[in-house]
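# My questions concern the predicted model and sequence given below.
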Amino acid sequence: MKKLIEAALFMASKPLRIEELSKITGVHSLGTLKNEIEALKKDYEKSAMEIVETSEGYWMQVRNEFMPKVASLTPYSDLSEGHKRTLALIVLKEPINQSEIIKIQGNKAYTYIKFLDAKGLIKKEKSGRTKILRLTQEFERYFGEEKSKIREKLIQSLGESSRKPI
């Protein structure tokens with residue numbers, strides 16, 4: 001059962017809730033499942049990988065100390081172009097009202113924002129009839145760089161693209 005949990009966490013593109021792991025393993029005792037997950041966490045204590053519990057469920061990830069060295073190996077395949085554009089807007093204008101992003105990207109941006117929030121890359125704070133969006137420390141961990149450096153690169157990249165002939 002522990003190997004099946006490990007395989008599921010490795011393959012998942014998002015955190016898995018205990019109920020999802022129950023369906024995958026066929027184990028209906030949540031206590032038993034939690035014990036197996038804790039044992040698996042101990043197995044990974046000396047590994048470059050770790051199993052963490054987030055508000056969305058259990059997740060396997062690279063430990064923070066290794067992320068800057070290996071972040072460039074993945075093209076962030078779990079993020080669509082829409083997700084990346086939404087993140088770019090937040091990086092450039094943080095803090096930004098959700099309503100401003102919706103004006104720029106349209107209603108589909110609600111889905112992007114929900115995904116980015118669930119992934120822990122942004123946080124939403126209610127403010128009147130809208131929400132204020134900010135980047136999280138998970139954003140920096142995920143991209144392997146401080147948000148200020150990412151913002152500088154993005155601004156530089158935008159400046160270069162505006163100078164290219166059409």
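Now that the structure is in, tell me what you want to look at. Residues are numbered from 1 along each chain as shown.
# who's in contact with residue 147?
By Cβ atoms under 8 Å, 6 or more residues apart in numbering, the residues touching residue 147 are 91, 94, 135, 139, 140. (C-beta placed from N, C-alpha, C; glycine too.)
# The residue lying closest to the first one once chain neighbours are set aside: which element?
Among residues not flanking residue 91 along the chain, residue 151 sits closest, at 5.2 Å (Cβ to Cβ, 6 or more residues apart in numbering). Element membership for residue 151 (DSSP states H and E) is helix 147-163.
# Check residue 45 too.
Going by DSSP H and E, residue 45 is not in any helix or strand.
# Who are the contact partners of the nearest residue to residue 122 once chain neighbours are set aside?
In this structure, residue 122 finds its nearest non-sequential neighbour in residue 116, 4.7 Å apart by Cβ to Cβ, 6+ apart. Applying Cβ under 8 Å, 6+ apart to residue 116 gives the contacts 83, 86, 87, 122.
# So residue 116 lies in a strand, does it not?
No. Read with DSSP: H, G, I helix; E, B strand; the rest coil, residue 116 is helix and lies in no strand.
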